[in-house]
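Asker: sharing a sequence plus its predicted fold:
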Amino acid sequence: MKDLTKYFPITEKTDAEEKTSGTGTRKRTIIVRAAIIVLYILLAVLMFITGRSHTVFIDNRSAEDGSYNAIKSMTITVNHNKPSEFMKGDRDKFVIKGQKLKIKVESFDGKIEGTYTMHVPLGEDMVLVSVPKLVAGMEGAMEKFELK
């Protein structure tokens, strides 16, 4: 039988080396595992926030008290989807992914043109956006939508 010690030398550890050799490796293993767990949790949170879908109702109606009026006719583009035509009194539904909402408004007569960016609250499934309020710069253009 061949002597394998020249290929695989056998070294004996001293008492001090035996006491310290396992603790460094154990600490490193625990740190690596903790880092992987934190990374998985962060990835799950990121996927939840960016993948969550929201239903957005776009409304073109006048206020009952007359504080703002509906736009006669316009084109609405929501988050780079295809444009939709809205007439006075119309309401339509869009489903978006993520919290960022970008609405591009262009009236047919060319008097109104603008792009508005909003953030949908994370806990809201459905929101209502009043375009006349949005164009007029009024507070409360986006509100929670509840089925009655």
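Answerer: Done, it's in. Numbers count the residues shown, from 1 in each chain.

Asker: residues near the residue nearest to Ser107 when sequence neighbours are not counted, how many?
Answerer: In this structure, Ser107 finds its nearest non-sequential neighbour in Met74, 4.5 Å apart by Cβ to Cβ, 6 or more residues apart in numbering. Yep, even glycine has a C-beta here, placed from its N, CA and C like the rest. If you count neighbours by other Cβ atoms under 10 Å, Met74 ends up with 25.

Asker: can you give me the pLDDT of Met74?
Answerer: Turning to Met74, the model gives it a pLDDT of 94.

Asker: residues in contact with stretch 62-76?
Answerer: 58, 60-61, 83-89, 92, 103-109, 112, 130-133, 135-136, 138 (Cβ atoms under 8 Å, 6 or more residues apart in numbering).

Asker: of those residues, grab the buried ones for ChimeraX.
Answerer: Restricted to buried positions by 16 or more other Cβ atoms under 10 Å, the ChimeraX selection for the contacts of stretch 62-76 reads:
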select :58,60,61,86,103,104,105,106,107,130,131,132,133,135
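
Asker: so where do the strands sit in this protein?
Answerer: 53-59, 73-78, 84-87, 91-97, 100-107, 113-119, 126-130, 142-144 (DSSP state E).

Asker: turn those into TSV, columns for distance to Leu43.
Answerer: Output for the strands of the chain, formatted as TSV (distance: least, Cβ to Cβ, whole Å):
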stretch	distance to Leu43
strand 53-59	19
strand 73-78	28
strand 84-87	35
strand 91-97	17
strand 100-107	20
strand 113-119	22
strand 126-130	27
strand 142-144	29
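
Asker: select, out of the ones you listed, the one closest to Arg33.
Answerer: strand 91-97 (32.6 Å; Cβ to Cβ).

Asker: would you mind listing the buried residues in that closest one?
Answerer: Phe94, Ile96.

Asker: so which elements touch it?
Answerer: strand 53-59, strand 73-78 (3 or more Cβ pairs under 8 Å, 6 or more residues apart in numbering; DSSP states H and E).
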